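**Student:** Could you look at this predicted model? Sequence included:
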Amino acid sequence: MFRRFYPVVFSKLTLAVLILIFMICLAYMNTFQASWHLDDHSNIVKNSALHIPNLKIETLIRTFYASPTRPGLIGKELYRPIPCLSFALNWYLGKDDVFGYHLVNLIVHILTASFLLLTVFFLLRSPNLAHKLSRNEVIIAFLAAALWALNPIQTQAVTYIVQRMASMAAMFYMLSTLFYITSRLSENPIKRIFLLLGCLLSYLFALGSKENAITLPLALVLIEILFFQNLNIPRTRRLWLWGSIGGAVLLILAGVLIFSSGDFLSPAKAYRHRPFSLAERVLTEPRIVVFYLSQIFYPVPSRLSIEHDVQISTSLIQPWSTLPAILAIFLMIAFGLLLIRKQPIVSLAMLFFFLNHVIESSIIPLELIFEHRNYLPSMFLFLPVAYGIVWMITYYKQKSLVLSRVLVIFSALVLVCFGWSTHIRNMAWATEKSLWEDALRKAPNSNRPWHNLAWGYYVKTGQYDKALELYERSLDLQRNNNFSKSLALNNMALIYFHKKDVTRAIDLWKQALELSPDLEIIRFRYAIGLTEMGDFNNALETVNRLLSKRPDHLDYNYLRGRILLMKKDYDSALKSFEKCLELKPDSVEIMHNIEICRNFLGQFSLAESVLENALRNDPK
């Protein structure tokens, strides 16, 4: 359709996409060897469910359930299957070589930016905007997409490997939006049906990448109202108003159901492991969202970091900026609603941004701040900017050719500055040491940089004394809490445990448990320490306490089996190991322990069959 009727525009659009791709590649050319960071390790490097040995259908399907935090649910509960499958394919082709992962992340970013450009282009040809832009749709769409794609704040979603989950969700989100808009513009009923099917399929893929894509139906309703409905008719206004309210209520209920996995109290329970309460998070997030906006429009690398010093809001006036931030957000949302009829482009930018911060910047007990959360919400923020710049260039072309050229040069310089700033910001992601040293300079009062620099660099390079020094300094931070202190004590204990000073390690784990008695990982490691010391009775009591809460936890059952084996309670140990084998049927290590138990019990033929099975799984 497009090639037949608009060959000139088609060639301009193709050229715009190609230039956009070239600019993105230049900005991100220094990222291909950036190391693994933070959640990359648990989600990919140490997630055995993604380490596939072949490309059989059943093997690939198993990756759909590769939850890094809930191994007992592998094969039972879907966990972001689309990016998990892509990680598994990366692992199959290159194991832990980061190059392939960064290449895929960059391709996803390029596709997302291209879909955004096309979406904006077709949006500008919608009924409510048609014939108002003097055939400048291509340049407006290019500028809006380029300002978004080259913005340094996007580096966290692109260069941080595991955030492919966020970028893939945004990619399919925008593709679904593109399908919807083109279906509304199509006059061919058959083509419209296929485009709507593409819209639905892309939405499912977006949800399968990250749960925050659930907002898409409301975003499409917003686009329908702004660009396709005649809001001069009162009945139309009323119909869409009440329809939107009803849809929002249904979407909220669906979101709560998805994020709570059917347990409506799970968000409240999760706050027990956070250094802030539900009320404090709700009060703090408006300040963070306003800060996000300042980063997006003033994205110099010195203002970007993996960690930020965030003072938690404990009331409307503590700190003083809490109430102004809340009022500012309400005013921006109100302003966006007021402009629905007169300035739909501005309205879309503002309402889309806040709509897509509802999930991660509201009541869900996530970390307070991460820059990658702006990847999707910021997509249309530069559309009014691009429209305004192109309008001024066109206007002054008739009035003052010199001023018009100055505006063109200024726009080009902004893009160059964005791209260069992105290149500079990506330098911080080169290694774990560079990332956390950068974070430490920018957030010295936050404990995370101290912890992660100690663990991510000094522990891994064997510089244990330096790591212990950083942990000790983190414990002295004024803005600290029991949760973060217990994590520091836990990591210090691990160092002493590695140095064979088990007594000191156990003492530190005890201190950590006094501060955070509900932290299972610390109690589990405390049980390991007791086992190493030969205190089998206390170790067994500790691990049984963990199993009372999580009877299907693989590591807890395995440790229980090892303790019982050392206590020479072979029958009970065998039951624990058999439970482990149910949870991880391919484990040769578990089979080996079952074989040992059966030998001690005199069950030699059964032990031999277990050993033969183990040999089939791993001939070496």
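**Tutor:** Sure thing, it's come through.

**Student:** got the buried residues for stretch 96-105?
**Tutor:** 98, 100-102, 104-105 (16 or more other Cβ atoms under 10 Å). C-beta here means a position set from N, CA and C on the backbone, and glycine is covered the same way.

**Student:** Need the contact partners of stretch 613-620.
**Tutor:** Contacting residues not belonging to stretch 613-620 are listed as 586, 588, 591-592, 595 [Cβ atoms under 8 Å, 6 or more residues apart in numbering].

**Student:** Of the residues you listed, grab the buried ones for ChimeraX.
**Tutor:** Here is the ChimeraX selection string for the buried members of these, based on 16+ other Cβ under 10 Å:
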select :591,595
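
**Student:** any weak-confidence spans in the protein?
**Tutor:** For the chain, the stretches flagged by pLDDT under 70 are 1-10, 69-76, 131-134, 235-270, 273, 478-480.

**Student:** 80 instead?
**Tutor:** 1-10, 69-77, 130-135, 230-275, 397-401, 456, 478-483, 607, 610, 612-620 (pLDDT under 80).

**Student:** Tell me which two of the buried residues of stretch 96-105 sit farthest apart.
**Tutor:** V98 and V104 (10.8 Å; Cβ to Cβ).

**Student:** what about the helix or strand hosting F142, distance to the chain center?
**Tutor:** Taking DSSP states H and E as the definition, one finds F142 inside helix 137-149. With Cα atoms, centre = their mean, to the nearest Å as the basis, helix 137-149 stands 25 Å off its chain's centre.

**Student:** rewinding a little: between the contacts of stretch 613-620, which is closest to M533?
**Tutor:** H592 (24.2 Å).

**Student:** OK, contacts around the closest one?
**Tutor:** 611, 614.

**Student:** rerun that using 7 Å as the cut-off
**Tutor:** A614 (Cβ atoms under 7 Å, 6 or more residues apart in numbering).

**Student:** That one sits in which helix or strand?
**Tutor:** In this structure, H592 is located in helix 588-600 according to DSSP H and E.

**Student:** roughly how far is that helix from the heart of the chain?
**Tutor:** 40 Å.

**Student:** on that earlier part again, would you format the contacts of stretch 613-620 as CSV with distance to R560 included?
**Tutor:** Shown next, in CSV, are those (distance: Cβ to Cβ, whole Å):
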residue, distance to R560
D586, 20
V588, 19
M591, 17
H592, 17
E595, 18
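
**Student:** right, and the pair among the contacts of stretch 613-620 with maximum separation?
**Tutor:** Counting by Cβ to Cβ, the most remote pair of the contacts of stretch 613-620 is D586 and E595, 15.4 Å apart.

**Student:** S126 against Q229, yeah?
**Tutor:** No: under the criterion of Cβ atoms under 7 Å, S126 is not in contact with Q229, lying 10.2 Å apart.

**Student:** so how far is E612 from the closest residue to L611 other than its chain neighbours?
**Tutor:** Nearest non-adjacent residue to L611, counting by Cβ to Cβ, 6 or more residues apart in numbering: E595, 4.9 Å away. Look at E595 and E612: by Cβ to Cβ, to the nearest Å, they are 10 Å apart.

**Student:** and the gap between the nearest residue to N482 once chain neighbours are set aside and I522?
**Tutor:** Residue nearest to N482 in three dimensions, not counting chain neighbours: L515, with 4.1 Å by Cβ to Cβ, 6+ apart. As judged by Cβ to Cβ, L515 and I522 stand 9 Å apart.

**Student:** again, but for M533
**Tutor:** Distance from M533 to I522, by Cβ to Cβ: 16 Å.

**Student:** Next: P384.
**Tutor:** Taking Cβ to Cβ, one finds P384 at 49 Å from I522.

**Student:** Quick check on those two: which one has the bigger neighbour count.
**Tutor:** Between P384 and I522, counted using other Cβ atoms under 10 Å, I522 has the larger neighbour count: 23 against 18.

**Student:** Name the helix or strand for the more buried one, please.
**Tutor:** helix 520-533.

**Student:** Closest one of the contacts of stretch 613-620 to L283?
**Tutor:** Looking across these and measuring by Cβ to Cβ, the closest to L283 is D586, at 47.8 Å.

**Student:** mind checking the SS state of the closest one?
**Tutor:** Recorded secondary structure, D586: coil (DSSP: H, G, I helix; E, B strand; the rest coil).

**Student:** now it, nearest residue through space, not along the chain?
**Tutor:** Closest to D586 by Cβ to Cβ, 6+ apart is N617, at 5.9 Å.

**Student:** that older thread, work out the gap between the helix holding I522 and the centre of the chain.
**Tutor:** Worked out by Cα atoms, centre = their mean, helix 520-533 lies 31 Å from the chain centre.

**Student:** Can you name the next helix or strand after it?
**Tutor:** helix 536-549.

**Student:** for that next one, packing partners?
**Tutor:** helix 520-533, helix 554-566 (3 or more Cβ pairs under 7 Å, 6 or more residues apart in numbering; DSSP states H and E).
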